[in-house]
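Visitor: Next one to model:
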Amino acid sequence: MAEYTTVTKTSAIREGRGKSFTVNGRRIAILNENGKFCAVDNTCPHAMGSLGRGRIRNGIIVCPVHGYAYNTKTGECQTDPRLQIRTYPVIVEDDEIRIQTDSQ
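Guide: The predicted structure follows:
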């Protein structure tokens, strides 16, 4: 069975924004789009920008450094198809955001 780690409360992440956390030794960005949460690698592979500081809209997180855009479900880069980020399963229970990092 998959193991999930509690990371933060839903109220800690503003709408349309993200926040970065270290979970099991990995830097992960948790993003809030209309009250739906997703988790991706925090580091943009293009220029190492923090995706947790980016903005999310229509399932796309945009890196604040150079504007590279990533699909939060697939991890595919919309700007440069050679790049990709890892995505993580998320569940929300009782205002707590939990993510799975033990697979993939």
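Visitor: Strands along the chain, start to end?
Guide: Ranges of strands in the chain, per DSSP state E, are 4-9, 18-23, 26-33, 36-41, 55-57, 60-62, 69-71, 87-88, 90-93, 96-100.
Visitor: of these, which approaches Asp80 most closely?
Guide: Across those, Asp80 has its closest neighbour in strand 69-71 (9.6 Å, C-beta to C-beta). In this view, the C-beta of every residue, glycine as well, is placed from N, C-alpha and C.
Visitor: Now tabulate the strands of the chain in CSV and tack on mean neighbour count.
Guide: Compiled in CSV, the strands of the chain are given as follows (neighbours: other C-beta atoms under 10 Å):
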stretch, mean neighbour count
strand 4-9, 16
strand 18-23, 19
strand 26-33, 21
strand 36-41, 21
strand 55-57, 17
strand 60-62, 20
strand 69-71, 21
strand 87-88, 22
strand 90-93, 14
strand 96-100, 19
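Visitor: could you dump those to JSON lines with mean pLDDT and distance to Cys77?
Guide: Below are the strands of the chain laid out as JSON lines (pLDDT from 0 to 100; distance: least, C-beta to C-beta, whole Å):
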{"stretch": "strand 4-9", "mean pLDDT": "97", "distance to Cys77": "24"}
{"stretch": "strand 18-23", "mean pLDDT": "97", "distance to Cys77": "17"}
{"stretch": "strand 26-33", "mean pLDDT": "97", "distance to Cys77": "15"}
{"stretch": "strand 36-41", "mean pLDDT": "98", "distance to Cys77": "11"}
{"stretch": "strand 55-57", "mean pLDDT": "96", "distance to Cys77": "15"}
{"stretch": "strand 60-62", "mean pLDDT": "97", "distance to Cys77": "10"}
{"stretch": "strand 69-71", "mean pLDDT": "98", "distance to Cys77": "5"}
{"stretch": "strand 87-88", "mean pLDDT": "98", "distance to Cys77": "12"}
{"stretch": "strand 90-93", "mean pLDDT": "97", "distance to Cys77": "20"}
{"stretch": "strand 96-100", "mean pLDDT": "97", "distance to Cys77": "21"}
